[in-house]
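Asker: sharing a model that was predicted from the sequence below.
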Amino acid sequence: MGNHALVVGASGIVGGAVTDLLVEQGWTVAGLARKPQAREGVTALAADLLDPASLAQALAGQAPTHVFITTWSRQATEAENIKVNAAMVRNLLQALRPAGSVRHVALVTGLKHYLGPFEAYGKGTLPQTPFREEQPRLDVENFYYAQEDEVFAAAARDGFTWSVHRPHTITGVAVGNAMNMATTLAVYASVCRHTGRPFRFPGSAVQWNSLTDMTDSHQLARQLLWAATTPKAANEAFNIVNGDVFRWSWMWSRLADWFGIEPAPFDGTVQPLEQQMANDASVWQEIAQQHGLAEANIDRLISPWHTDADLGRPIEVVTDMSKSRRLGFLAYQPSDDAFFQVFERLRSLKLIP
């Protein structure tokens with residue numbers, strides 16, 4: 001049988017990287033999103049995961065062998081996150097049942113599996129770092145757990161294999177994405193260069209001084225493909241990061257150098273981007289007009305709340321990759337290069353000057 005992929009959330013950072021890789025590898029690919037974007041070699045399907053009728057209509061005639069779930073919906077409370085995101089996964093897998101074609105489902109979650117949900121992020125009793133997949137779930141409600149449970153239940157019912165993928169902060173390109181550190185920092189650096197404001201690290205002293213890691217969207221896509229096509233990787237959860245570690249005290253200077261600006265000295269105080277950039281909408285419109293940029297609405301590019309959450313954490317966050325390494329996944333991506341590749345892509349798309 002040929003490989004027919006359904007990428008759910010195909011317009012996002014991860015979904016876009018996955019569809020590109022699968023097309024490159026010769027797969028038949030359909031990309032599902034509420035507002036799908038045209039991609040060469042990808043059949044665009046429009047549906048709302050909370051609307052079973054729209055899912056049934058969009059998936060009529062589709063018979064995917066592999067499903068990649070790369071999307072979620074942010075809600076005001078964790079209780080709502082659980083209700084909504086579990087329903088999205090449940091509705092999708094229910095809609096795929098009639099075709100009986102699914103052989104593998106891959107679910108992308110993240111390190112909130114270990115750190116806790118937004119309402120309890122980095123608080124309470126947390127597992128020791130590096131985070132390892134065998135560490136038990138936290139004793140707290142978490143929409144990642146609810147998503148997993150929906151996949152596990154459907155796999156037991158319908159007989160497909162599964163994999164769960166837990167990235168750290170993801171770097172990649174997607175406009176309108178809810179969690180987008182690389183683009184947020186690119187816009188921030190561009191504003192600082194334009195206005196002469198200091199390029200200040202917004203986070204905590206712990207993050208500035210401690211080791212950390214990240215996940216490039218293409219690195220994640222490679223692991224998703226590997227797990228979906230490697231029998232010994234079936235029915236397993238995997239951490240996924242680039243493979244290197246760094247300190248922000250080093251990385252911040254690297255980012256500043258790329259934009260041709262001087263990094264401000266870090267004095268140990270937290271200065272959130274949500275505050276620093278609160279009044280930058282008009283500044284960005286000015287920058288966009290001056291440089292002929294494709295997106296003048298700063299809110300379509302930045303997610304300072306998410307960048308602040310990651311860079312303001314009071315604990316070290318390092319992720320162990322031994323599990324997938326032992327099974328043969330050996331891909332590697334230097335994190336500074338991952339940032340620079342995103343910046344170059346944003347510039348080529350005229351999203352930053």
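Answerer: Everything's here; your move.
Asker: so the closest residue in space to G292 that isn't next to it in sequence: helix, strand or coil?
Answerer: Distance criterion CB to CB, 6 or more residues apart in numbering; nearest residue to G292, sequence neighbours excluded, is K350 at 6.6 Å. To be clear about C-beta, it is placed using only N, CA and C from the backbone, and glycine gets the same treatment. Under DSSP: H, G, I helix; E, B strand; the rest coil, K350 falls in the coil class.
Asker: what are the ranges of the helices in the chain?
Answerer: Counting by DSSP state H, the chain has helices at residues 13-24, 52-59, 78-96, 112-115, 143-158, 181-195, 205-209, 217-229, 248-259, 273-276, 281-291, 304-311, 322-326, 335-348.
Asker: reformat these as TSV; add distance to R103, mean pLDDT and mean neighbour count.
Answerer: Supplementary listing: these in TSV, determined by distance: least, CB to CB, whole Å; pLDDT from 0 to 100; neighbours: other CB atoms under 10 Å:
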stretch	distance to R103	mean pLDDT	mean neighbour count
helix 13-24	15	96	23
helix 52-59	16	96	16
helix 78-96	11	97	19
helix 112-115	25	92	22
helix 143-158	10	98	18
helix 181-195	33	97	22
helix 205-209	41	96	17
helix 217-229	9	98	24
helix 248-259	40	98	17
helix 273-276	42	96	18
helix 281-291	45	97	15
helix 304-311	34	92	21
helix 322-326	20	98	15
helix 335-348	31	97	18
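Asker: picking up where we left off before, what about the residue nearest to G292, neighbour count?
Answerer: Neighbours of K350 under the rule other CB atoms under 10 Å: 13.
Asker: verify the contact between R74 and N81 for me.
Answerer: Yes - at 7.1 Å, R74 counts as touching N81 under the criterion of CB atoms under 8 Å.
Asker: can you pull the contacts of the residue nearest to G292?
Answerer: 291-294 (CB atoms under 8 Å, 6 or more residues apart in numbering).
Asker: what about it, distance to R39?
Answerer: 19 Å (CB to CB, to the nearest Å).
Asker: same deal with F343?
Answerer: F343 is 22 Å from R39, by CB to CB.
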